[in-house]
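Asks: could you look at this predicted model? Sequence included:
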Amino acid sequence: GKDSLSMRTTWNDGEDKAVTSPMTGVITAFAPVLDVRKTLTPELKNLADSVLVRIDLSKGQFRLGGSILAQVYKAIGSVTPDVDSFDDFKAFFALIQDWNNRGLIKAYHDIGDGGLLATVAEMMFASRLGVALQNQSTESLFAEEIGAVLQITAADWAQLEVEVAASSLKDAIAVVGRVNTTDQLVVNGLTLERVELQQAWAEVSHQIQRLRDNAETADQEFALIADKNHKGLIAQATYDLNEPVEAPFINTRRPNMAILREQGVNGHVEMAAAFDKVGFNTIDVHMSDLLAGRVSLRDFEGLVACGGFSYGDVMGAGGGWAKSVLFNAKLRDQFEQFFHRENTFSLGVCNGCQMMSQLAPLIPGAEHWGRFHRNMSEVFEARAVNVRVEKSVSVLLEDMQGSILPIAVAHGEGRLVATEQQIAALNAENQVILRYVDSLGNPTQHYPLNPNGSPEAITGQTSKDGRATVMMPHPERNFRALQHSWKPEDWAEDGAWLRMFRNARKFIG
C-alpha cells in the first residue's frame with residue numbers, strides 16, 4: 001500500500017534537510033510446503049459429473065476498474081477490485097487448505113487475472129474439456145476480483161453445501177457451471193469453441209514468437225491448438241514403476257558413483273539423489289579434482305556427466321568441457337581407461353550429453369555417435385515432452401523398451417547432428433535409445449513435441465555394448481512421481497525414470 005516515507009538527505013550544498021517522498025511497497029512472502037503431492041493445477045478432470053464453484057471475496061461487487069475489459073474499450077474505470085475483509089481472505093485460505101487435504105478439489109485456478117471468463121477458458125485449454133456456465137452478468141464474467149474457481153464432484157458438493165451454509169464465506173461461494181466433454185464454452189446463450197478461444201488467447205504471444213524465434217517452429221506450435229489428434233502428455237509404461245530390480249544387490253555394498261561436474265553445472269544434486277536412492281555411494285567430483293589428482297576414476301564403477309550451464313552455458317559449452325579432457329594427456333588417459341573397463345558404465349545428460357558425445361573417440365563402440373547443436377527453434381527449451389524408449393543395447397534402459405513416458409528437457413543445443421550413414425548405423429546396431437513422440441506415440445518432427453528438431457526424433461544414443469549412454473532429456477528430474485509436472489493419478493511414489501537408475505545398480509551387481 002502507499003505511505004509517506006520521511007527521510008534525511010544531504011543536498012549538494014551540504015545542508016541537511018528533511019524531505020517527504022511517496023513510497024509504494026511490494027510485499028512478498030513464502031512458506032514451507034508440508035506435502036508437495038497435494039499441488040493443485042488448473043487442469044480440469046474428465047469426471048462423470050462435476051461442478052465449477054466460484055469463491056468471490058468481493059461477494060458480488062464485481063468492480064471493473066482497471067480490468068482487461070476496461071482496457072479493451074480504452075477506459076480505466078472508477079472503482080477497482082480490492083480485499084475488503086482480511087478475515088474473509090484468511091477464511092478463504094483455510095478453506096482451500098481443508099478441502100485440498102480432504103481430496104475434494106479436482107482442479108483450481110485463481111480468478112484475479114482476467115476474470116471468470118478468462119479463468120474458465122484457461123482451465124479448458126489445459127484439459128480440452130468443455131464448460132457450461134450458468135447465466136452470468138458482464139461484470140461477473142470480467143471483474144478481476146480476488147478469488148478462485150474450483151472443480152468439485154457433484155456428490156462432494158452436495159455434502160459441502162451444508163458446510164458452506166454455516167461458513168462466514170456463505171455469500172462468497174456459489175456454483176457457476178458444469179464440466180463436460182464438448183470442447184466448447186457455453187455462456188449466456190453463446191457457444192464458443194475452445195479452439196477459437198485458445199487461438200485468440202495465444203495470438204499475441206504467437207506473433208512475438210514468430211519475430212523473436214524461428215517463425216516455422218512458432219507456427220508449428222500454434223497449429224497444435226486446432227489439432228484434434230493432439231492430446232498433450234501421455235504415459236504408457238511397459239514395466240512396473242515400483243519394481244525394485246536393484247533389491248538383490250542393495251544390501252551387499254554401495255558402489256562408488258562419480259557425479260561429475262564442471263564450473264557452472266547445476267544438475268548434480270538431483271543426479272546424486274537419484275543414484276543414492278538405488279544404492280550407490282555418490283561422490284561429488286569436480287573436474288578440478290581430477291586435474292589436481294585428488295580423485296581418480298580408477299576408484300569408480302559408474303560415472304555421470306551432469307547437465308546445466310557449464311562455463312555459463314556459452315554456445316558449445318559441452319564441447320569446451322570435452323576438450324578439457326581431450327587436450328589433456330593425463331585426463332584423456334584416465335577417461336579412456338575408465339570407458340574401456342568392462343565393469344563400468346557411464347551416462348551423460350543434457351550438457352553432459354554434449355560433453356560425452358565429443359568424447360566418442362575414447363569410448364568403445366561410440367564411433368557412430370552424432371553431436372548436438374543449436375535447437376531449430378533458436379531458443380532455450382524448458383518443458384515436459386514425451387519420449388518413447390526404443391529397443392536398444394543400453395544397460396540403463398533394460399526392460400523399458402516400448403514405454404512412452406513424460407520427461408523434462410532444458411537445453412539450448414539439443415539437436416542431433418549426424419550423417420545419414422551415422423544414423424543408419426545407430427539404428428542397425430540398436431544404439432538409438434529414445435525418440436520424441438506425439439500423443440499417439442509416433443516419432444515426430446513437430447515442434448515443440450520435438451523441442452529441438454533432431455532428425456528421426458532421436459534424443460539419445462548408446463555404445464555398442466550399452467555401457468555408455470547419452471541423452472538430452474533429464475531423467476534425474478523425474479525419478480520421483482511428484483517431480484512430474486503431469487502424471488497419471490496412480491503414480492504415487494516412484495516416477496517414470498527411477499527404473500533407469502535401478503537398472504544401473506542391477507548392472508553393477
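Replies: That came through fine. Numbers count the residues shown, from 1 in each chain.
Asks: CA atoms for contacts and neighbours, from now on please.
Replies: Will do.
Asks: can you list the domain ranges for this protein.
Replies: 39-210, 247-508 (automatic domain parsing).
Asks: so which of those is the most surrounded?
Replies: domain 247-508 (a mean of 20; mean count of other CA atoms under 10 Å).
Asks: distance from it to the middle of the chain?
Replies: 18 Å (CA atoms, centre = their mean, to the nearest Å).
Asks: quick revisit: can you add mean pLDDT and distance to A218 and give the domains of the chain back as a markdown table?
Replies: Below are the domains of the chain laid out as a markdown table (pLDDT from 0 to 100; distance: least, CA to CA, whole Å):
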| stretch | mean pLDDT | distance to A218 |
| --- | --- | --- |
| domain 39-210 | 96 | 6 |
| domain 247-508 | 95 | 8 |
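Asks: tabulate those domains in CSV, adding columns for distance to V33.
Replies: Formatted as CSV, the domains of the chain follow (distance: least, CA to CA, whole Å):
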stretch, distance to V33
domain 39-210, 9
domain 247-508, 13
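Asks: out of those, which is closest to E221?
Replies: Evaluated over the domains of the chain, closeness to E221 peaks at domain 247-508, with 5.8 Å, by CA to CA.
Asks: quick one: terminal-to-terminal distance for that closest one?
Replies: End-to-end distance for domain 247-508, by CA to CA, to the nearest Å: 13 Å.
Asks: and for stretch 412-427?
Replies: Start-to-end span of stretch 412-427 (CA to CA) is 25 Å.
Asks: helix, strand, or coil at the residue lying closest to A226 once chain neighbours are set aside?
Replies: Distances taken as CA to CA, 6 or more residues apart in numbering place V195 nearest to A226, at 5.6 Å, with adjacent residues excluded. With DSSP: H, G, I helix; E, B strand; the rest coil as the basis, V195 sits in helix.
Asks: surely V195 meets I225?
Replies: Yes. Shown here, V195 and I225 form a contact pair, counting by CA atoms under 8 Å, at 6.2 Å.
Asks: Y436 in helix, strand or coil?
Replies: Y436 ends up strand, using three-state DSSP.
Asks: isn't it right up against G453?
Replies: No. Assessed by CA under 8 Å, Y436 is found out of contact with G453, at 9.6 Å.
Asks: contacts only, for P364.
Replies: F339, H340, S463, K464 (CA atoms under 8 Å, 6 or more residues apart in numbering).
Asks: would you state the strands of the stretch 101-250 of the chain in chain order?
Replies: For the stretch 101-250 of the chain, the strands defined by DSSP state E, counting those that start in this stretch occupy 107-110, 130-133, 147-153, 173-180, 184-187, 190-193.
Asks: so which of these comes closest to V278?
Replies: Smallest distance to V278 across the strands of the stretch 101-250 of the chain (CA to CA): 33.9 Å, for strand 107-110.
Asks: pairing partners for that closest one, with directions?
Replies: In the sheet, strand 107-110 lines up against strand 147-153 (antiparallel) (DSSP bridges).
Asks: how far does the strand it pairs with sit from the chain's center?
Replies: With CA atoms, centre = their mean, you get 24 Å for strand 147-153.
Asks: relative orientation of that strand and strand 173-180 in degrees?
Replies: 60 degrees (axes from the mean of the first three to the mean of the last three CA atoms, to 10 degrees).
Asks: L69 reaches E144, doesn't it?
Replies: No. L69 lies out of contact with E144 (CA under 8 Å); the separation is 9.5 Å.
Asks: tell me who's in contact with the residue lying closest to T419 once chain neighbours are set aside.
Replies: In space, and not counting its chain neighbours, T419 is closest to G370: 7.8 Å by CA to CA, 6+ apart. Applying CA under 8 Å, 6+ apart, we find G370 in contact with S357, L416, V417, A418, T419, Q422, I423.
Asks: inside helices: which ones of those?
Replies: S357, Q422, I423 (DSSP state H).
Asks: now those residues in JSON lines, with distance to T191?
Replies: Shown next, in JSON lines, are those (distance: CA to CA, whole Å):
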{"residue": "S357", "distance to T191": "53"}
{"residue": "Q422", "distance to T191": "53"}
{"residue": "I423", "distance to T191": "49"}
